[in-house]
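In: Pasted the sequence and its predicted model underneath.
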Amino acid sequence: MDINNRKDISIVLSGEAGQGLQTMERLMLRIFKLSGYHVFSYDEVMSRIRGGNNSTEIRVSSERINSFVGRIDFFVSLHVDAMERFHERISDDTIIIGEAANIEGRYRNGKNTVIEVPIGEMARQAGGPIYANIIVIGIFTALFGVEQEFVRGQLKNSFKKLSDDAMAKNFAAAEKGFEAGKEISRRHGIVIGLARTDGVKGELLLSGADAVGIGGLAGGCNFVSSYPMSPSTEVLTFFAGVSEEFGIVVEQAEDEISAVNMVLGSWYAGGRGMVTTSGGGFALMVEALSLAGAVESPLVVHLGQRPGPATGLPTRTEQGDLMFSLFAGHGEFPRAIFAPGDFEQGFALTRRAFYIADTYQVPAIILTDQYFLDSYYNVPDLDIRSGMAENHIVPTDEGYRRYRITETGVSPRGIPGLGSGIVCLDSDEHTEEGYITEDFGVRTAMVDKRLRKLRAMEKEILPPRLYGPDKYTYLLVAWGSTLNAVREALRNAGRNDTALLHFEQVYPLHADTARLLARAKKKVIIENNATSQFGGLIKLITGAVFDRAILKYDGMPFTVEEITAAIRELP
């Protein structure tokens, strides 16, 4: 492999929790993006405060990239056990950088290019061990040809609160790393010549959590409540960071039950609330979800999936909560479930969730996962014009009936204090006025009324998106965060007989679903779970049966290479 002629470079930084990997990752992404490179990163962390082994994959490219790869071009070993879990991914072509003590003997004596750099000693010379990360940044900015003065400027922008002495030490560390990088380039002939694009510099550098948060802002969200739980906590911290600027009430509740009930209270008072949680937290919210169905309250839930059951793998990824989100809550009531595949969809679908919840007075659930939320990449500017932030609230009069029977199932929604009517909500079955009843006829009419919302929502259902040839023999079906990896794999596989059908709304399903599936000779479902939950849902609704399921459930996302190989194996 000629590292100098690649269109993208994959760098893996591996070290202990607490070594500052995320700080280094964010700074490297910013520097490379503002230098005109497309970037992507994904954090892979263990569930502990210190120790263990965390890693970050950073891809730098001359073309747009947004997915995780197994290939490692540069591996940076930052502690003695950093290589332990990467033996299957480190190939003979991987260039390994680190202190001698942190590089396993099998690689020093093998075919790899091993570059021993005394990072610790260089950091101590610059001012202390905490500057080791800046040494690494200096090495790679030199290898990629980023101007040293530009790096100094970004250090100033990123660490504005540092004293002059601390900033000088950062500059010294960057200088030492830069000189080491130039020496590596000279000695090993490494000259990375990726093309730069000026347009990239002005693009947004986002995480999936950012995309969900910005979508909430565009949807008019003004109340967020949550009990912190990975990986959804990043969405809570996003809103906390912008709460004053955008006038949002952000509440860290004492538990998940309080959090969701606070959000229901906000909607009752005329607010636009969202609760953000993960699988274990959502389990505690199920009764409140059913309450929302009974009182016909709008409710927006962001559910960041992670592997279960129970605590499972709390810092890993999985698409394991689809069926849970679909069937959660006792009794029968409508809902909508969205699953963004990329950051543009993460923004648009979160905004849309507020519109659907408010318009039809139903729960709207946004399904993401740890991979989606903790990834970063650059995207073109988002259209943040609201358009979906209008409150569907009406003034009440003395004859107001909160649950008036209507053809669509949607009743006029009033709030206390806006008009002269009484806004009565009851979790028991109730009359049109909202008072408790055990009348069998009223019960039947109310169930029918609530379920009619599904028919009213049909015109709003988002169709699946088809990528690839319109006439296909093989059809890959995916949902949510697998989108980008499958798209890149499809391009790599080079097959003109295979297309991808991706669902960003997983319930209710669009009417075109059965027709698009029926056109394929063979159907393949791709899911980050063990039981093909979406495949089962499609079979339940359309009767379609998949010929093959490509499943992964070890806690890691699909790599592009895994899906590419599976596509090439199709007969």
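Out: Ah, there it is.
In: going forward, measure contacts and count neighbours with C-alpha atoms only.
Out: Fine.
In: How about the contacts made by residue 4?
Out: 190-193 (CA atoms under 8 Å, 6 or more residues apart in numbering).
In: Same check on residue 78?
Out: With CA under 8 Å, 6+ apart, residue 78 has these contacts: 13-16, 98-99, 102.
In: Tally up the residues packed near residue 198, please.
Out: 12 (other CA atoms under 10 Å).
In: and it, what pLDDT?
Out: At residue 198, the model reports a pLDDT of 95.
In: What's the separation between it and residue 155?
Out: Distance of residue 198 to residue 155, computed by CA to CA, to the nearest Å: 21 Å.
In: Kindly report the same for residue 466.
Out: The value you get for residue 466 to residue 155, if CA to CA is used, is 43 Å.
In: before we move on, back to that, in helices only, show me the contacts of residue 78.
Out: Counting by DSSP state H, those place none of their members in helices.
In: re earlier: can you pick the most crowded of the contacts of residue 4?
Out: In terms of neighbours by other CA under 10 Å, the contacts of residue 4 top out with residue 192 at 20 neighbours.
In: which SS class is the residue most central in space within the chain?
Out: Closest to where the C-alpha atoms of the chain average out (CA atoms, centre = their mean) is residue 372, at 2.3 Å. Under DSSP: H, G, I helix; E, B strand; the rest coil, residue 372 falls in the helix class.
In: got the contact list for it?
Out: Counted by CA under 8 Å, 6+ apart, residue 372 has contacts 207-209, 341-342, 481.
In: I'd like the residues you listed laid out as CSV, including neighbour count and pLDDT.
Out: As requested, these are exported to CSV (neighbours: other CA atoms under 10 Å; pLDDT from 0 to 100):
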residue, neighbour count, pLDDT
207, 22, 98
208, 29, 98
209, 30, 98
341, 24, 98
342, 21, 98
481, 31, 98
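In: What is the neighbour count of residue 40?
Out: If you count neighbours by other CA under 10 Å, residue 40 ends up with 24.
In: One more: residue 227?
Out: Residue 227 sits with 23 neighbouring residues when counted by other CA under 10 Å.
In: Repeat that for residue 404.
Out: Applying other CA under 10 Å, I find that residue 404 has 18 neighbouring residues.
In: let's have the chain start at 29 instead
Out: Okay, using 29 as the starting number, the last item reads as residue 432.
In: who's in contact with it?
Out: Here residue 432 is in contact with 439-440, 460-461 (CA under 8 Å, 6+ apart).
In: and what of residue 171?
Out: Neighbour list for residue 171: 209-210, 213, 218-220 [criterion: CA under 8 Å, 6+ apart].
In: Flag whichever of those residues scores worst on pLDDT.
Out: Out of the contacts of residue 171, that is residue 219, at 87.
In: So what does that one have for phi and psi?
Out: phi -130, psi 100 (degrees, to the nearest 10).
In: show me where the stretch 329-478 of the chain has helices.
Out: Along the stretch 329-478 of the chain, the stretches classed as helices by DSSP state H, counting those that start in this stretch are 350-355, 371-388, 398-402, 468-484.
In: Counting by contacts, list what the longest one packs against.
Out: Yep, that's helix 371-388 we're talking about. Judged by 3 or more CA pairs under 8 Å, 6 or more residues apart in numbering; DSSP states H and E, helix 371-388 is in contact with helix 236-246, strand 327-333, strand 364-366, strand 391-397.
In: What mean pLDDT does the last one get?
Out: So that's strand 391-397. 98.
In: Go ahead and measure how far it is from the middle of the chain.
Out: Centroid separation for strand 391-397 versus its chain: 11 Å, with CA atoms, centre = their mean, to the nearest Å.
In: One more: the shortest one?
Out: On the basis of CA atoms, centre = their mean, the separation between the geometric centre of strand 364-366 and that of its chain is 15 Å.
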